[in-house]
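1. would you be able to build a 3D model of this:
(4 chains)
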There are 2 protein chains.
Amino acid sequence: MDTRNAILTASISLFARDGYAQVSMRDLANAVGIRAPALYNHFKDKETLYLESVRHAFRGKADALAQALSSGASAHERLEHYVSCIATVFTDDPDSRRLIQREILDGNEARLRALSDQVFLAPFCNTLVLAKELAPERNAHLLTVSIAALVVHHIDIGPLRRLLPGHRPEHEEPACIARHVCSLLLHGISSAQKPNEQGVSGT
Amino acid sequence: MDTRNAILTASISLFARDGYAQVSMRDLANAVGIRAPALYNHFKDKETLYLESVRHAFRGKADALAQALSSGASAHERLEHYVSCIATVFTDDPDSRRLIQREILDGNEARLRALSDQVFLAPFCNTLVLAKELAPERNAHLLTVSIAALVVHHIDIGPLRRLLPGHRPEHEEPACIARHVCSLLLHGISSAQKPNEQGVSGT
DNA sequence: GTCTATAAGCGGATAGAC
DNA sequence: GTCTATCCGCTTATAGAC
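-> Numbering: from 1, shown residues only, chains lettered A, B, ... in the order given. Sure, this is the predicted structure:
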């Protein structure tokens, strides 16, 4: 039974890095230190192994995000805490982040439904409440998506962003991203009084 | 030579939908109405065919986006025009959008460099100028990424967003996304005077 | 539960006729 | 330039010894 967990853990990394079709049962077995046929003692087939890996990767993730919203303070403080939390979680756990990207691209409706219900539903609903509190006159669904979009996209497109002008290493740090996103959300593009975000405005 | 273009056009759709590894040379040949070996009369191998397809998919795309920024009006008007343009382009051309997602996930540095230089560099630089004009005190790189992030992410996560509470079909229309994003960028979360974005605030 | 051996099929790519 | 036929490696999955 410990072997099973070892397989799941190793699988998450490989599937996240290379994608379902590019990872063979031999690759997975090698990563655990066994032979490919031994995998079938723990999982019916490759697809089942993949689905179980994804489930395993997201165990407890929903709670972490949902909890980030429950620390009862002012709405502004909860927003800042939540944005920071998203930025940190997605930066520190690139495997989960990449699995989500891959599932959105390739997942069928059943798989996306499972991901939605088990991972995103709870934090999304909590963010809806926060959104209505912060901006009752806006559409809560669109605003909730926008908040997540700002943080997640900055991280997701990292490989491309690194190549574009003006990039600096600190732009990959979760604290820097969170600061920028919060400021933008709270004040809009042209904040009359808001200072620079990490020291310099130009470049 | 017409066959070559037919191959490229068919390949874009298949690679965008299923990904490189999931599309076989036989699949590609079937889509064009020829046999697999005939593909090798036009392309050295599968990887070359894929790279040419990506190049073909993005012909002229950079110009379209860059031009959206050159219509010399006020900075606010250019922003609105640009956001609308991104939303429309990415909604109407899901193949290119998915190819970009896949390249960001799986592309090596050389391929990302090519994508960056040939597609994103020009519009990114123009947006940098706009960003400095709109918000001289902000970091232009971060703001430029945020503008694109807001629009693109709304569309990219469509399959997941459809399953989350509060979603409505009009949230997939580029005009609706553009309106929401522009309002958010210009006024921030809590716009004191901004009306609802598509008729109703709650739900 | 893990191993070796192996089945059965699909993948990219080539040879050579037309 | 396209075809049929074919090579060969790699894939998933199973059988059966230990």
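2. with adjacent residues omitted, what lies nearest to residue A:53?
-> Residue nearest to residue A:53 in three dimensions, not counting chain neighbours: residue A:11, with 4.1 Å by CB to CB, 6 or more residues apart in numbering or on different chains. From N, CA and C alone the C-beta is placed, and that goes for glycine too.
3. ok, the closest residue to DNA strand C within chain A - contacts?
-> For chain A, the residue closest to DNA strand C is residue A:35, as judged by CB to the nearest atom of the strand, at 3.2 Å. Residues counted as contacts of residue A:35 (CB atoms under 8 Å, 6 or more residues apart in numbering or on different chains) are residue A:29.
4. ok, now how distant is it from residue A:94?
-> Remark: distance between residue A:35 and residue A:94 (CB to CB, to the nearest Å) = 29 Å.
5. so the residue nearest to residue A:53: helix, strand or coil?
-> helix (DSSP: H, G, I helix; E, B strand; the rest coil).
6. which residues touch it?
-> By CB under 8 Å, 6+ apart, the contact set of residue A:11 is A:23, A:28, A:31, A:49, A:50, A:53.
7. do the same with residue A:57
-> Applying CB under 8 Å, 6+ apart to residue A:57 gives the contacts A:12, A:16, A:95, A:96, A:99.
8. what of residue A:82?
-> A:65, A:68, A:69, A:127, A:130, A:147.
9. and the residue lying farthest from the centre of chain A, what's its pLDDT?
-> Note on chain A: the largest C-alpha distance from the chain mean falls to residue A:37, namely 32.9 Å (CA atoms, centre = their mean). Note on residue A:37: pLDDT of 98.
10. run through who's touching the helix or strand where it lies.
-> Assigned by DSSP states H and E, residue A:37 belongs to helix A:36-39. With contact meaning CB under 8 Å, 6+ apart, helix A:36-39 is reached by A:3, A:7, A:24, A:25, A:26, A:28, A:29, A:49.
11. so what does the third one have for phi and psi?
-> The phi and psi torsions at residue A:24 (degrees, to the nearest 10) take the values phi -100, psi 160.
12. where does chain A have low pLDDT?
-> Regions of chain A meeting the criterion pLDDT under 70 cover residues A:191-203.
13. if I look at the residue of chain A closest to DNA strand C, how far off is residue A:26?
-> 8 Å.
14. any common contacting residues for those two?
-> Going by CB under 8 Å, 6+ apart, no residue sits against residue A:35 while also sitting against residue A:26.
15. now residue A:77, nearest residue through space, not along the chain?
-> The spatially closest residue to residue A:77, leaving aside those adjacent along the chain, is residue A:71, at 7.9 Å (CB to CB, 6+ apart).
16. next, format the contacts of residue A:82 as CSV and append neighbour count.
-> Below are these laid out as CSV (neighbours: other CB atoms under 10 Å in any protein chain shown):
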residue, neighbour count
A:65, 20
A:68, 20
A:69, 19
A:127, 27
A:130, 19
A:147, 24
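17. residue A:145 and residue B:153 touch, don't they?
-> Yes - if you go by CB atoms under 8 Å, residue A:145 and residue B:153 touch, sitting 7.5 Å apart.
18. which non-adjacent residue is nearest residue A:22?
-> residue B:21 (5.3 Å).
19. now do the contacts for the one you found.
-> Counted by CB under 8 Å, 6+ apart, residue B:21 has contacts A:19, A:21, A:22.
20. run a quick neighbour tally on the last one.
-> Spelled out, it's residue A:22. By the criterion of other CB atoms under 10 Å in any protein chain shown, residue A:22 has 15 neighbours.
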